[in-house]
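[1] attaching a predicted model along with its sequence, questions to come.
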Amino acid sequence: MIATATLTSKGQVTLPKSVRETLGLKQGDILHFESTAPGIFTLKVANRSPQLEGLLHQHLPKNFTPPTHEEIKVAIAEEATRGRFAP
């Protein structure tokens, strides 16, 4: 598969849909870029651990979807407004 993307003036790139689907990427996923040779990078999904996923999946319902990074931030902010987290 060959997919292309364009770099914006702000240095942003939108990953093509085919790439996101192939990698199973979702909003909030964290990506690591590792230089493996001059001009060549490896893309890794950083917020997933196959070993940890394997351990957790045996204890989770089949339809369980982990929260996104944004959902976690919102939940923390809501709890902070309730006074559950002291500064």
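    Sure thing, it's come through.

[2] spatially central residue for this structure, please.
    With distances taken as C-alpha atoms, centre = their mean, residue 29 lies nearest the centre of the chain, 0.8 Å away.

[3] SS state for that residue?
    coil (DSSP: H, G, I helix; E, B strand; the rest coil).

[4] do you have the helices of this structure handy? List them.
    17-23, 50-57, 69-81 (DSSP state H).

[5] rank those by pLDDT, which is bottom?
    Mean pLDDT values for those show the minimum at helix 50-57, a mean of 56.

[6] contact partners for the residue nearest to residue 15 when sequence neighbours are not counted?
    Leaving out its chain neighbours, the residue that sits closest to residue 15 by C-beta to C-beta, 6 or more residues apart in numbering is residue 5, at 6.4 Å. From N, CA and C alone the C-beta is placed, and that goes for glycine too. Taking C-beta atoms under 8 Å, 6 or more residues apart in numbering, we find residue 5 in contact with 13, 14, 15, 16.

[7] CSV for those, including pLDDT, distance to residue 71 and neighbour count?
    Listed next are those as CSV, based on pLDDT from 0 to 100; distance: C-beta to C-beta, whole Å; neighbours: other C-beta atoms under 10 Å:
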residue, pLDDT, distance to residue 71, neighbour count
13, 92, 24, 9
14, 93, 22, 11
15, 92, 21, 15
16, 92, 25, 14
